[in-house]
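**Q** give me coordinates for this.
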Amino acid sequence: MASKDRKPNLSHAQASELVKRLYGLTHSKIRPLPSYEDQNFYVCVSEGGEYVLKVMNSGDSQNPTLLELQNHAMNFLQKRGLPAQTAVPTKTGQLMSLEEIDCGCGLQKYMVRLLTYLPGATIAKIPSSPNILYQVGKMAATMDKVFQEMEHPNLRAFQRDDYNASLTSIPLLEQHLPVIDGDPVQEVVSNVIAEFKAQVIPKMSAFRKCIIHGDFHNHNILATLDGGSSSQFKISGILDFGDMSSGYYVYELAIAIMHMMVESPSPVDVGGHVLAGYESVIPLSEAERDCLFLLVLCRFSQILVLTRRAIQQLPDNKEYLMMFMPTTGIKLLTHLWGLGQQQVEHSWFECAKAYKHQ
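**A** Next comes the predicted model:
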């Protein structure tokens, strides 16, 4: 839950002091990076190297076990060749440090990490293409498959049953519907929640469980130009593991599809390319395919409601928050609901099938 007293608000001087004291590094350049509930700084140091200083919000800072798991997961992916950030040890060898900091509202405890900086632009800033969408699907599935091999004594901490950003929590959206009172899309969201209860919940026992990234969207994926090409991009980085949880393969795919659709010039076509990439690594079961369309609409509804709620609580951060559900996204949710499951799924599945014959 977003609130002003959770989000840190360090000055550049405070950030610089942390980098020097904890890591023995002297910044030559430091600037803020956009964020939701945490605070991020890009840091270039005189000793050579680029980093991201991540100061966790006061709420998540109270759950060191979960943050330790995220560090472990990032490192696990990186060691297996996936482009994930990793945490840099402090001078005493710790991957994070709980610090008491006064951001203007008295001393509060914030967990601090220094992460490696990855090259590239977020894919929100590059032209959407079938190739990059296919890569997104393939990377999501590859990541999920690698997570299945991960071991840690505290993996149970990823079982976040009451986490409002999990697709399993869709019925909990009903209590927050007043944030979209008066908006015509409210009826669509209510219908989507009802369909989740009627169509998805009865089939969930047939979904395959796994650990998922949980927020694989176009601002959390970096890409660079592929070799000497002037137009072909390849994924160069995976960011923000704060929404990791125990979920299902189809959740990861639905989340990726929804977020890739928001800024695409041909949004309805997006699903087929992402699906094809995902299924090149992990083919969906019949039950998972049957629920994919509805789960994409569930993610649209979830992001809409949670974004509106966050803007009420953090109005100063409205510009950043609106990136996740711009007006085009609301229109798209209504459009998809109008098209219906049969028409959209047929388009996606035929597109994905065509990849298999290439």
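**Q** give me the below-cutoff pLDDT ranges for the stretch 151-300 of the chain.
**A** 228-230 (pLDDT under 70).
**Q** for R113, helix, strand, or coil?
**A** Under DSSP: H, G, I helix; E, B strand; the rest coil, the three-state class of R113 is strand.
**Q** residues in contact with it?
**A** 53-54, 56, 67, 71, 87-88, 95-97 (C-beta atoms under 8 Å, 6 or more residues apart in numbering). Bear in mind the C-beta positions are built from the backbone N, C-alpha and C, glycine included.
**Q** narrow these to those in strands?
**A** 53-54, 97 (DSSP state E).
**Q** quick one: the helices in the chain, in order.
**A** 12-23, 64-79, 130-147, 185-195, 249-262, 267-279, 286-313, 318-321, 327-339, 341-356 (DSSP state H).
**Q** who wins for proximity to Y110 among those?
**A** Closest to Y110 of the helices of the chain is helix 12-23 (C-beta to C-beta; 9.6 Å).
**Q** now that closest one: mean pLDDT?
**A** Mean pLDDT, helix 12-23: 95.
**Q** run through who's touching that helix.
**A** Under the contact criterion C-beta under 8 Å, 6+ apart, helix 12-23 has outside partners 10, 25-27, 30, 41, 43, 45, 51, 53, 55, 88, 90-91, 97, 99, 101, 103, 112, 114.
**Q** among those, name the buried ones.
**A** Buried members of those, scored by 16 or more other C-beta atoms under 10 Å, are 10, 25, 27, 30, 41, 43, 45, 51, 53, 55, 88, 90, 97, 99, 101, 103, 112, 114.
**Q** what's the nearest residue to the residue most central in space within the chain if we skip its chain neighbours?
**A** For the chain, D215 is the residue whose C-alpha lies nearest the centre (C-alpha atoms, centre = their mean; 1.9 Å). Excluding the flanking residues, the one nearest D215 by C-beta to C-beta, 6 or more residues apart in numbering is D243, at 3.9 Å.
**Q** give the contact list for that neighbour.
**A** 163, 165, 213-215.
**Q** equivalent analysis for V188, please.
**A** 301, 333-334, 337.
**Q** select only the buried ones of those in PyMOL?
**A** Buried members of these, defined by 16+ other C-beta under 10 Å, are picked up in PyMOL with:
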select buried, resi 301+333+334+337
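**Q** make JSON lines out of the contacts of V188 and add distance to P326.
**A** JSON lines is the format used below for those (distance: C-beta to C-beta, whole Å):
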{"residue": "S301", "distance to P326": "15"}
{"residue": "L333", "distance to P326": "12"}
{"residue": "T334", "distance to P326": "14"}
{"residue": "W337", "distance to P326": "18"}
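**Q** widest-spaced pair of the contacts of V188?
**A** Farthest pair in the contacts of V188, by C-beta to C-beta: S301 and T334, 11.0 Å.
**Q** can you list the domains in this structure?
**A** If you go by automatic domain parsing, the domain ranges for the chain are 12-116, 121-356.
**Q** which of the contacts of V188 lies closest to K125?
**A** L333 (23.2 Å).
**Q** can you tell me the closest non-neighbouring residue to that closest one?
**A** The nearest residue in space to L333 (C-beta to C-beta, 6+ apart) is F300, at 4.2 Å.
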